[in-house]
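1. Sequence and predicted model, in that order:
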Amino acid sequence: MNKLRTLTFFCIFFIVMTNVVFAADRWQWIASNDSVDFFIDMNTIKSVMDDPHSDKSKIYTWVKSQTTAGGMQSLTKILQDSDLDEDVLADIKNVAYRMSYVECDLEKRQIRTVFSQLFHADATPVENTIKKTPDAEWLPIIPDTRSEMIFNGIQRYISNYTDSLQQNM
């Protein structure tokens, strides 16, 4: 049973289908690899950046992840090779994207995820996929990982946002 849960979590963790449409004024693409596209919630980041009392070295934002065509091919192979229950497979195949609440410490180059949830294309949550870790450990940014892609994308967005505010002054 633990093996099944572990494999299911692993599969679900890397799943996010490509049929999700993002609101152009809310979600900003920040990074991609062969299997996943990452987007940040500009509303959350702007509220942190525009708050004069917030610590600008620590950024909190939502990250939306969805699989690319290459990611779906990899997932299909994993699922074909698995002996997962049909109900579990159906849930995995119906996942559209993953939402994660991510915290970045820009000065220390650290990141942590305090909440994540998988969603269907109609924005309804996939049952039993909530992961809450409010006391999650801060992790260093490891080169060539998804964490580095997200961290660098957030850092790049903040730099561009700050530059645009200074130009408008």
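-> The structure has been received and is ready for your questions.
2. looking at this protein, which helix or strand is least sure?
-> Each helix and strand of the chain was given a mean pLDDT (mean pLDDT, DSSP states H and E); the minimum falls on helix 2-13 at a mean of 44.
3. which residues touch residue 107?
-> Counting by CB atoms under 8 Å, 6 or more residues apart in numbering, residue 107 touches residue 57. Backbone N, C-alpha and C define where each C-beta goes, glycine included.
4. So, low pLDDT: which residues of this protein?
-> Applying pLDDT under 70 to the chain flags residues 1-24, 69, 72-73, 75-93, 169.
5. And the helices in this structure?
-> 2-13, 42-50, 69-81, 86-93, 146-167 (DSSP state H).
6. how about the longest one: buried residues?
-> Applying a neighbour-count criterion of 16 or more other CB atoms under 10 Å, one finds 146, 147, 148, 149, 150, 151, 153, 154, 155, 157, 158, 161 buried in helix 146-167.
7. Export those as CSV, with columns for distance to residue 126.
-> Converted to CSV, the buried residues of helix 146-167 look like this (distance: CB to CB, whole Å):
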residue, distance to residue 126
146, 20
147, 23
148, 27
149, 23
150, 21
151, 26
153, 25
154, 25
155, 30
157, 28
158, 31
161, 32
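8. Which single one of these is nearest to residue 28?
-> Nearest to residue 28 among the buried residues of helix 146-167, counting by CB to CB, is residue 157 at 6.1 Å.
9. what's across from the closest residue to residue 65 other than its chain neighbours in the sheet?
-> Distances taken as CB to CB, 6 or more residues apart in numbering place residue 98 nearest to residue 65, at 4.6 Å, with adjacent residues excluded. Per DSSP bridges, the residues bridged to residue 98 are residue 65, residue 118.
10. So what's the residue count around residue 98?
-> 24 (other CB atoms under 10 Å).
11. Correct me if wrong: it contacts residue 71.
-> No - assessed by CB atoms under 8 Å, residue 98 is found out of contact with residue 71, at 11.7 Å.
12. how close does residue 53 sit to residue 47?
-> According to CB to CB, to the nearest Å, residue 53 stands 12 Å off from residue 47.
13. swap in residue 141?
-> Taking CB to CB, one finds residue 141 at 24 Å from residue 47.
14. In terms of neighbours, single out the busier of those two.
-> Legend: neighbour count by other CB under 10 Å for residue 141 and residue 47, higher for residue 141 (18 against 13).
15. from what I can see that one touches residue 147, true?
-> Yes - between residue 141 and residue 147 there is a contact under CB under 8 Å: 5.8 Å.
16. any residues in contact with both of these two?
-> residue 111.
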